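>>> The sequence isn't on hand, but the structure is:
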């Protein structure tokens, strides 16, 4: 098997591992039993969101129609995802490192999407088409911006971890390793772009080959190194806390912002009854471990 | 920052004391408290031989040391069993998802650290970082409950041994957090270190039977047995009500019977029974307001029906469910339209928010905050109120359970703006408030040397806020800290006493209803009295 084949296999394995990891992680959280309410205000879909208010601020709140807005919630989520608002508010020095890092990652996701689009339209449009030139230009801009921003962010995050005494005390080997690994991916990509692939045509060709299930042969060493490192990182990612981009949906929507009241909705009642029928299981002397929650809650030992 | 970093590897190594607190490193306080209280005596060498205080020299739980290696091994085994249950959807359905999310996804960015009043007040002691105990738990889980854990722990440099020292220190460390969740609010990912502290407490209580006696044996167990965590039985309650009726007449000239066990009333008013004993002026003020407003309400003399506390919220889901269900049953029996919860923060959150998803339809009686109801009463004009009677500086403490954790922010402010012309906010306030330092049971944990830690560390930030709120006011001017929560009042009582602020600055604390009654022009004597 040729060298190129190994790279293609590695890339396919990486995609499968990453997607499987993400799906499993989503499934793990999504299939959890309904937990007790544990919201934290402000809750952005509430009309009192500006001061952190809830429907509990109204008398006989259960008799009034709830005034919520999905748009407010989505707005808050986008602000949180794209601008990392809570970090800006609560940990400004970290934001100055974390924002370029995450912005770089977002741009690079966009870059890969643009490469894929370019791979699909290059042939039909032809090299002189203005649309193709626009696609090529945007791809190059997004790619270079993403790589530079990500590299800068990774360096700053590493520096903060290393030089900030509080962060340093709280960090373990994996924290440094994760950043160094990602930095290596960024640097390899910058290097490949700078010396061998100024408009990302080779990378586009590689992605075209992967997407069309006919991996291109004869790819240059800088691109191969870039793709190999990126693939290894994609394999590593699901086993780390860096999948927090998956978790964030759940921590915000299903914990911090989940203030849905129990007003007799049959689906919620069903889930409550299912939980109460579970066996308690705990073994302290004051608990009847063999009983169900419903029984243990009504019979005091 | 303190210059003594306590590495996690040392956590499991036996030593007299893991973290050393020094008065000179604590967060400085404004005058006149800059030098008025700095005990930090810790625990004596003699007591240390029998009592576990090796975390920081303080003991919240009064853990006795195991007497033999066999006993130690048994405790470690129980802990691991409990840890497995904590991570099981079946045993820990109540909090499995938020716990797992918090365990899996921390990036150790330390946004939580600066949000924590305990970490800041201690002079940034490493061991009090909100993520410190969470990380310890993660390392134990990784090493003892995951494949090739011991090897991975060694290779990654995250090795923590599970022995008695680790267990004892971790149990104590779970009680160095007020569960105020200010740290969770600051986390960009939504990791909740307060929840992890809560879950560690649960593990110790629900599997090993280990919890501070004030919140377990003398708290929720006593409440389930006698009817109240104060030990007050139904006959004792009736005696107390007789006394309070007479007291209202003595203080205000008003004479009326308090409604008790009135079936079909609109409202069941559920106080924290500690109010009846420690601050009777609070339920008395409620009675005056409700009587004058013509509200249809009742108190209950049924077991548990007169004590809204639910300490299980802080440490034990089974105890929590038992108490919450009893409260609902009492309301059901009285056929009331709603339960209104008095000035008690954790009772608010326990019954209104957390219990919401354990109530099947038959027990799901609507619950409402007294602050909301009082706001509507004051706004309705049913009470004649003269704000000039409250012409002294007033500041508001936001109980975490009512504000950050329930979103009730404006009603109490609307009332204060109407009745207290010299009201001023603390900084920060509302959902960004700081805990009083007595939250999650600390205010009632009076045993051993824990109150010293509570006064020196966990209450320090609130003390600073109170002092700053009254900055510039003459010492003799009466000042009022309005704290609509029993637990917070207990903490403020102890703080003002320990730092001598009542004598030095004429600061007093109390609830919101006392200020409302104090503004009633038809009551001759001031209801709020200053020294």
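All right, it came through fine. None of the values given here were measured: they were computed from a predicted structure.
>>> Can you give me the neighbour number for the residue lying closest to residue B:265 once chain neighbours are set aside?
Spatial nearest neighbour of residue B:265, chain neighbours left out: residue B:298 (4.0 Å); criterion: Cβ to Cβ, 6 or more residues apart in numbering or on different chains. Any C-beta I mention is one placed from the backbone N, CA and C, and that applies to glycine too. Per other Cβ atoms under 10 Å in any protein chain shown, the neighbour tally for residue B:298 reads 20.
>>> phi, psi of residue B:298?
phi -150, psi 150 (degrees, to the nearest 10).
>>> Please apply the same query to residue B:424.
Dihedral angles (degrees, to the nearest 10) for residue B:424: phi -140, psi 150.
>>> For it, give me its contacts.
The neighbours of residue B:424, taking Cβ atoms under 8 Å, 6 or more residues apart in numbering or on different chains as the test, are B:393-395, B:469.
>>> still on that earlier bit, which residues does the residue nearest to residue B:265 bridge with?
Judged by DSSP bridges, the bridge partners of residue B:298 are residue B:268.
>>> What's the separation between it and chain A?
18 Å (Cβ to the nearest Cβ, to the nearest Å).
>>> how's chain B carved up into domains?
Partitioning chain B according to automatic domain parsing yields domains covering residues B:8-208, B:226-375, B:383-518.
>>> Give the burial count for residue 131, as a bare number.
Went with chain A since none was named. The burial count for residue A:131: 11, using other Cβ under 10 Å.
>>> The intended chain is chain B.
The burial count for residue B:131: 25, using other Cβ under 10 Å.
>>> Just the pLDDT at it, thanks.
The model reports residue B:131 with a pLDDT of 96.
>>> roughly how far is the helix or strand where it lies from the heart of the chain?
Using DSSP states H and E, residue B:131 sits within helix B:130-145. How far helix B:130-145 lies from its chain's middle: 25 Å, per Cα atoms, centre = their mean, to the nearest Å.
>>> Tell me which residues of that helix come out buried.
For helix B:130-145, burial by neighbour count (16 or more other Cβ atoms under 10 Å in any protein chain shown) applies to B:130-144.
>>> swap in stretch A:48-55?
A:48-49, A:52-55.
>>> do you know how far residue B:373 is from residue B:458?
Separation of residue B:373 from residue B:458 (Cβ to Cβ, to the nearest Å) stands at 31 Å.
>>> In terms of neighbours, single out the busier of those two.
residue B:458 (29 against 23).
>>> ok, that one touching residue B:438?
Yes - applying Cβ atoms under 8 Å, one finds residue B:458 in contact with residue B:438, separated by 7.3 Å.
>>> element containing residue A:116, please.
Assigned by DSSP H and E, residue A:116 falls within helix A:92-125.
>>> That should have said residue B:395, apologies.
Using DSSP H and E, residue B:395 falls in strand B:394-396.
>>> hmm, that strand in reach of chain A?
No - legend: contact between strand B:394-396 and chain A by Cβ under 8 Å from any Cβ of the partner chain is lacking; minimum distance shown is 13.7 Å.
>>> just stretch B:316-324 next, same as before
Yes - residues of stretch B:316-324 are located near chain A by Cβ under 8 Å from any Cβ, namely B:318-319, B:321-322.
>>> And for that stretch, what's in contact with it?
A:280, A:282, A:286-287, A:293, A:296-298, A:300, B:92, B:94-95, B:201-202, B:205-206, B:211, B:216, B:220-221, B:223-224, B:304, B:309-313, B:350-351, B:354-355, B:358-359.
>>> where does the chain have low pLDDT?
By default, I'm working from chain A. Counting by pLDDT under 70, chain A has low-confidence residues at A:1-4, A:300-301.
>>> should've been chain B
B:1-6, B:36-39.
>>> do you know how far the spatially most central residue of chain A is from residue A:252?
In chain A, the residue lying closest to the centroid (Cα atoms, centre = their mean) is residue A:245, at 2.0 Å. Separation of residue A:245 from residue A:252 (Cβ to Cβ): 12 Å.
>>> swap in residue B:523?
To residue A:252, residue B:523 is 48 Å away according to Cβ to Cβ.
>>> Point out the residues in the stretch 201-301 of chain A that sit beside chain B.
Counting by Cβ under 8 Å from any Cβ, the stretch 201-301 of chain A sits next to chain B at A:241-244, A:247-248, A:250-252, A:254-256, A:259, A:261-262, A:264, A:268-269, A:272-273, A:275-276, A:278-287, A:293, A:296-298, A:300.
>>> out of these, which are buried?
A:241-244, A:247-248, A:250-252, A:254-256, A:259, A:261-262, A:268-269, A:272, A:275-276, A:278, A:280-284, A:286-287, A:293, A:296-297, A:300.
>>> what kind of secondary structure is the residue of the stretch 401-531 of chain B found nearest chain A in?
Using Cβ to the nearest Cβ, the single residue of the stretch 401-531 of chain B nearest to chain A is residue B:407, 2.7 Å away. Judged by DSSP: H, G, I helix; E, B strand; the rest coil, the three-state class of residue B:407 is coil.
>>> pretty sure it is touching residue A:49, no?
No - using Cβ under 8 Å, residue B:407 and residue A:49 do not qualify as a contacting pair, with a distance of 9.1 Å.
>>> what sits in contact with each of the two?
With Cβ under 8 Å, 6+ apart as the test, residue B:407 and residue A:49 both reach A:42-43.
>>> tally of neighbours for residue 182?
Going with chain A. Number of residues near residue A:182 (other Cβ under 10 Å) recorded here: 25.
>>> other chain: chain B
Neighbours of residue B:182 using other Cβ under 10 Å come to 24.
>>> Over to residue A:176?
15.
>>> now that we're looking at it, which residues does it contact?
Residues counted as contacts of residue A:176 (Cβ under 8 Å, 6+ apart) are A:158, A:161-162.
>>> and the helix or strand in which residue A:177 is found with helix A:92-125, angle?
Using DSSP H and E, residue A:177 falls within helix A:173-195. Computed by axes from the mean of the first three to the mean of the last three Cα atoms, to 10 degrees, the angle separating helix A:173-195 from helix A:92-125 equals 40 degrees.
>>> May I have the phi/psi pair for the residue of the stretch 51-200 of chain A found nearest chain B?
Of all residues in the stretch 51-200 of chain A, the one sitting closest to chain B is residue A:54 (2.7 Å; Cβ to the nearest Cβ). Reported as degrees, to the nearest 10, the phi and psi values for residue A:54 are phi -130, psi 180.
>>> distance of it from residue B:417?
20 Å.
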